[in-house]
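S.K.: got a predicted structure here, sequence first:
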Amino acid sequence: MGQTAFDEIMGDGGEARPELADLVRWLDETPTDDLRRRQEAAETTFRQLGITFAVYGDNDASERIIPFDIVPRVFLADEWTRLSAGLIQRVEAINAFLDDIYGKQEILKAGVLPEELILSNPQFRPEIVGIHPPHGVWAHICGIDLVRTGPDDFFVLEDNARTPSGVSYMLENREAMVRLCPELFEQFRVAAVDSYPDRLLETMRSVAPRTCGQNPNCVVLTPGHYNSAYYEHSFLADSMGIELVEAADLVVDEDVVYMRTIAGRVKVDVIYRRVDDDFLDPLVFRPDSMLGVPGLIAAYAAGNVAIMNAPGNGIADDKAIYSYMPEIVRFYSGKDAALPNVETFRCREPEALRYTLDHLDELVVKLVDGSGGYGMLVGPTASKAEIAAFREALVAEPHRYIAQPTLALSTVPTLADRGLSPRHVDFRPFVLTGSKGVQVVPGGLTRVALKEGSLVVNSSQGGGTKDSFVLLDTGQRPVQSQVMMGGSMVQEQSL
Amino acid sequence: MLSRTASSLYWLGRYVERADFIARLVEATVRLDVLSPRPAGEAAWQSALVVTETEEAFKASGASLTREAVARFLTSDTSHPGSIVRCLDMARMNAKAVRTALTRESWSAINGAWLVFDKRMSRLDSDRTLALVDAVKAETRGFEGAIHRMLRNQTTLFLRLGQATERVDDTARLLDVKYHILLPEDQSVGGTVDRDQWTTILQTVSAVTAYRWIYNDGLVPANVIDLLLSRAELPRSIAAAIEETVDVLTALAKRTGTHGEAGRMARARHARMTKTRTGDVIVSGLHQHLQALIAENDELHRAIGRQFKFH
């Protein structure tokens, strides 16, 4: 696998892609020790700042840093333009799909999707049917996981439309790169990612209920500091300058949401929640949960608060629905999906199940409701016992699984024990939808499988991250205007 | 400000201050131990347990009363909620909960203090104990420095409130150490060992030089008590800490309109304090006076929780 994959920097033949020759020269000329020193400095900073994630069920080291790799992955300007168009099309379709499925359900009437796949899906929330979110936006923040197998071959692996994480790593990785490898930014025109918090806040404010006036009160809702992504929650609230609240800080009175402050209650208009549906409101979802804000969904239904991402979104990124995404895109946009799916076998269908069972050693099999690399079989590297166990589970509950071929994921040179060596990567760009439309932030999170040959990039499974450069088109350099302000140089970049 | 945020900031202030105090107490005890003729050194460690009210807990841990065992118990014992490492753990947890309210500098100072213990679980001889204690002091100093560079808003006020409330308690306990250490039988009050013990207390609050500046006499125990009890110029004195709680509560009332019981109690305590003379305290019993202060401080602590809806 490792030898035949397309390399993002080196291309197919082991010689640098022409546009990236300078990067390869930099890699050649910088001694490995020097790269390693810089990488360690970045990781020390992450440790010092507590940029960590928690690993569930891991008592020895309940907080870990995600390994950081110093070699960036790079998108050329035209690659990015094409990708962005595909991402915008997909996220528009996801929003239209959600609006439809909790509304008129025209896609079901048209017979594009099997009805029971939606209506009996645990991710479909009947409680949400008929609720119309402010400005009709459902998936405000999407993390669309992509893999690449060749120069022009990008595939969507997963749509994350619930609470996608990783954006803090996108920003912190860039911070680290700018500090440790400033020469790269002199050499390459790299699109800035640091406007993300501003754009996110703009998105939040744009979807505030129309009744709440000029200055909506926006908050980030976190499950608390034991959550694995807590660092990110606090980072986002901090960089937007808004309150980070827990459920216990909120109270609903007459369908209006308030937060408890030392001086009494303060009204809340927009909630960026990083809490799963199940734990949002015990009156509507899980009543046994001590977490959650009683009455929140009623306030939402009354149109007094915006919740992003919207409750019920899970139906759009469910792995069983994923396989229908090309049809969904076509249904709402009238065009073919610019970004294809990875070929997917729905094990609920007898023929797909038979094929899957016959080819277990070649396929990746996933639980439709699993995440983070759990409940997953990677056929080519699995043991006989693992395959046997999965076979049993598949036969027992085929509807819970999908299978995909193991792709030759692209690689990027990565600093390994014995110097630079190709490692497989995936990519999660972040797509924002506000009342004025969809935008893609030029960058994202590249996750890298640090083990040679491994295809598993999840941080909970020992994956690392890299900075992701989106190069500005050098032919269009005039789009950069430089303004002198108070002695410091402000660069305005547009794509 | 969220009530939960205010509560976490207050506790953050308290726990950092407490970690610093325990560090100073351990440092003082190492010195007192060294000054005592053996086996009287035990008494110093005993007193450190008494003033932190952890005698019972120490006994329950099954360890015998040795320098190393007590030092470990008070510094790096993760099973003892009053150890420095656990205080820093709690401080860090609170800091994490209010991370958005802190600057990067303040947060990384807390995180740095916590990391001190990461690699220091080895044998604790006197040298290593002192090095550990020094590192903790340096880190908490770094935190105080970072706080002073933050916006002077409610965030810093709640941090300072926790810090000042804790400091009243800590300085009272530190002063009480001397009550629990009996002089060796061949030593007289005012003798060399007695004087060394008082000097140690001064050193612990970094006030040896301050003492020389304020009092022209040589070392007089009554003056040391006066300095720590009622001289507001000394930042670690009880008087300074009591004044600070009044100032902070007043500032919070002004900014947030939260007037209440805690503010009234703090002002009343301050008024009583300004009328108290050190000489009278010594005559009627310093130990009893300190115990009353600690109890009163605990009441104020609870009133603060009620006033700002911490629960």
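M.R.: Structure's in. What do you need?
S.K.: I'd say residue B:309 and residue A:260 touch.
M.R.: Yes. Residue B:309 is within contact range of residue A:260, at 6.8 Å (criterion: CB atoms under 8 Å). The way it works is simple: take the backbone N, C-alpha and C, and place the C-beta from them, glycine included.
S.K.: overlap in contacts, those two.
M.R.: Taking CB atoms under 8 Å, 6 or more residues apart in numbering or on different chains as the contact rule, the neighbours common to residue B:309 and residue A:260 are residue B:3.
S.K.: how about residue B:278, what does it touch?
M.R.: B:222, B:225-226, B:229-230.
S.K.: now it. Nearest residue, chain neighbours left out?
M.R.: residue B:226 (4.1 Å; CB to CB, 6 or more residues apart in numbering or on different chains).
S.K.: what about that neighbour, neighbour count?
M.R.: Neighbour count of residue B:226, defined by other CB atoms under 10 Å in any protein chain shown: 21.
S.K.: could I get the phi/psi values of it?
M.R.: phi -60, psi -40 (degrees, to the nearest 10).
S.K.: now do it against residue B:217, distance only.
M.R.: Relative to residue B:217, residue B:226 is positioned 11 Å away (criterion: CB to CB, to the nearest Å).
S.K.: also residue A:385?
M.R.: Distance from residue A:385 to residue B:217, by CB to CB: 83 Å.
S.K.: so which strand or helix has the residue nearest to residue B:105 when sequence neighbours are not counted?
M.R.: Counting by CB to CB, 6+ apart, residue B:105 lies nearest to residue B:146, which is 4.1 Å off, once chain neighbours are set aside. Here residue B:146 sits within helix B:126-148, counting by DSSP states H and E.
S.K.: again with residue A:337
M.R.: Per DSSP H and E, there is no helix or strand for residue A:337.
S.K.: I'd say it and residue A:329 touch.
M.R.: Yes. When contacts are counted by CB under 8 Å, residue A:337 is listed as touching residue A:329 (4.0 Å).
S.K.: who has more neighbours out of the two?
M.R.: residue A:329 (25 against 18).
S.K.: dihedrals phi and psi, that one?
M.R.: Backbone torsions for residue A:329, taken as degrees, to the nearest 10, come to phi -60, psi -40.
S.K.: ok so, going back, got a winner among the contacts of residue B:278 for most neighbours?
M.R.: Neighbour max across the contacts of residue B:278 (other CB under 10 Å) = residue B:229, 24 neighbours.
S.K.: residues from chain A in reach of chain B?
M.R.: Within chain A, the positions near chain B by CB under 8 Å from any CB of the partner chain are A:47-50, A:224-225, A:230, A:234, A:237-238, A:243-246, A:248-249, A:259-263.
S.K.: show me the contacts for the closest residue to residue B:83 other than its chain neighbours.
M.R.: In space, and not counting its chain neighbours, residue B:83 is closest to residue B:77: 4.6 Å by CB to CB, 6+ apart. By CB under 8 Å, 6+ apart, residue B:77 lies in contact with B:61, B:83, B:85-86.
S.K.: let me have those in CSV, adding distance to residue A:190, neighbour count and secondary structure as columns.
M.R.: Below are the contacts of residue B:77 laid out as CSV (distance: CB to CB, whole Å; neighbours: other CB atoms under 10 Å in any protein chain shown; DSSP: H, G, I helix; E, B strand; the rest coil):
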residue, distance to residue A:190, neighbour count, secondary structure
B:61, 56, 14, coil
B:83, 47, 22, coil
B:85, 43, 24, helix
B:86, 45, 20, helix
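S.K.: no more questions from me, cheers.
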